[in-house]
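>>> here's my sequence, what's the structure:
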Amino acid sequence: MNLKLLTPATDEPVALEEFKAHARIDDSGDDADVGGKVLAARVHVENITNRALITSTWQAFFRHWPGTRWEDGRVNDPVFRIPLGNLQSVTSVTFTDSTGTQQTVDPSTYEVDLLAGEILLATGAAWPAAAMKRANPICITFVCGWTVDTVPQAIKAAIELLAAHWYRNREAVTIGRTTVESMPLKMAVDALITPYILWKF
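Numbers count the residues shown, from 1 in each chain. Presented below is the predicted three-dimensional model:
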């Protein structure tokens, strides 16, 4: 599965002024640098948790319909599992046929389970049988992420801890001649975000 970001988030989980209050930063002279550290911390947390933290629109590309049976008898996943967490809606399911024409799947063909983040075949329905192009023919456009006011406080705290550390320590933390990671910081961030990691199997 491949992913493409269509519409990025327009807000950050931690606003600039909110972070400055946390970090005890009173002036605005470093706002550009501070904002950059907050953004970097948010991206880091997204990468670790495998989530899109704030509402954004994505496309996920698949090669086969769910439940496809292989020549050796194996059957792939019976559902489309939508990544990045907090699925809000599915805009469309399309596929490109072998002639290069994009076709939209009738929404009555499938059901969307927002809680599980899955798309299931509707009862009595069937996925299109038309021959498809080989490279990522199926495209699912979806909206996911938390709204700003529903981001868990633990996620926000992890972003604040990382951004404050990177703002105050412009280079790697060192002890003697050995460059090391700040273990207390790492332990704190890990403890905050681990419950929100979407594990990949």
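>>> ends of stretch 120-135, what's the gap?
22 Å (Cα to Cα, to the nearest Å).
>>> report the distance from it to the chain centre.
Relative to its chain's centre, stretch 120-135 lies at 26 Å (Cα atoms, centre = their mean, to the nearest Å).
>>> which residues does the closest residue to Lys133 other than its chain neighbours contact?
When the adjacent residues along the chain are set aside, Lys133 lies closest to Thr96, with 5.0 Å between them (Cβ to Cβ, 6 or more residues apart in numbering). C-beta coordinates here come from the backbone N, C-alpha and C atoms, glycine included. Residues in contact with Thr96 (Cβ atoms under 8 Å, 6 or more residues apart in numbering) are 102-103, 132-133, 137, 139.
>>> low pLDDT regions in this structure?
Within the chain, the set of residues satisfying pLDDT under 70 comprises 70-73, 170-184, 201.
>>> can you pull the contacts of Thr7?
Counting by Cβ under 8 Å, 6+ apart, the residues that Thr7 touches are 56-57.
>>> quick one, phi/psi of it?
The phi/psi pair for Thr7 (degrees, to the nearest 10) reads phi -130, psi 110.
>>> over to Tyr110?
phi -140, psi 160.
>>> who's it bridged to?
On the basis of DSSP bridges, Tyr110 is bridged to Leu121.
>>> please identify the helix or strand for the residue nearest to Lys133.
For Thr96, the element it lies in under DSSP states H and E is strand 87-96.
>>> can you classify Trp127 as helix, strand or coil?
Using DSSP: H, G, I helix; E, B strand; the rest coil as the criterion, the local structure at Trp127 reads coil.
>>> state the distance from it to Gly117.
According to Cβ to Cβ, to the nearest Å, Trp127 and Gly117 sit 19 Å apart.
>>> got it, and Leu16?
Distance of Leu16 to Gly117, computed by Cβ to Cβ: 31 Å.
>>> over to Val79?
In this structure, Val79 and Gly117 are 10 Å apart, going by Cβ to Cβ.
>>> comparing these two, which shows the higher neighbour count?
More crowded of Val79 and Gly117, by other Cβ atoms under 10 Å: Gly117, with 19 against 16.
>>> enumerate every residue touching that one.
Contacts for Gly117 (Cβ under 8 Å, 6+ apart) come out as 81-83, 85-87, 144.
>>> filter the contacts of Thr96 down to the buried ones, PyMOL style.
Filtering the contacts of Thr96 down to the buried ones (16 or more other Cβ atoms under 10 Å) takes a single PyMOL command:
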select buried, resi 132+133+137+139
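>>> buried sites along the longest helix seen in the chain?
Ranked by residue count, the top helix of the chain under DSSP state H comes out as helix 31-49. Under the neighbour-count criterion of 16+ other Cβ under 10 Å, helix 31-49 has 34-35, 37-38, 41-42, 44-46, 49 buried.
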